[in-house]
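A.B. asks: model this:
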Amino acid sequence: MHELSIAMAVVEQVQEAAAEHGHVAASSVSLRLGELAGVVPQALRFSFELAAAGTVLEGARLCIEQVPGRARCAGCDTEWATGVPPSLWCPKCRGSAADLVSGRELHIAEVRWTVRTDPPVTASPHEES
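C.D. replies: Residues are numbered from 1 along each chain as shown. Modelled structure (predicted):
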């Protein structure tokens, strides 16, 4: 299950960012995940919960934005949704796709940090002399 190694890498990157910027906790992390990336979102969610335990991401929500697969034809420059499994034949001219335009993404799009609120400073009782 490579989803666990992906979740661990996400947690590690967020931990590094937290340390660099002085954050102590995150409330959510958003990922852009291409439908052709070969990652099962439910398995990634489960793995994220395990990997986040004891870190700045413990209890944080994992938001996954699915990015549809799109291809572009080398012959006529038509772009289309590939679907799953991907169809790489141009629907217009029946040529083969030159490249995948989207759908293989897997990156952190956003981290929402928990704002630390320091406890109010209470004045110590004034001592009389």
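
A.B. asks: Apart from its chain neighbours, what residue comes closest to the residue positioned nearest the centre of the chain?
C.D. replies: Nearest to the geometric centre of the chain sits L31, at 1.7 Å (CA atoms, centre = their mean). Residue nearest to L31 in three dimensions, not counting chain neighbours: I64, with 5.3 Å by CB to CB, 6 or more residues apart in numbering. Using the backbone N, CA and C atoms, a C-beta is placed for each residue, glycine as well.

A.B. asks: go on, G38?
C.D. replies: G38's closest residue in space is H2 (CB to CB, 6+ apart), at 8.0 Å.

A.B. asks: Based on its surroundings, how many neighbours for the one you found?
C.D. replies: For H2, the tally of surrounding residues (other CB atoms under 10 Å) stands at 12.

A.B. asks: now it: how far from E58?
C.D. replies: 22 Å (CB to CB, to the nearest Å).
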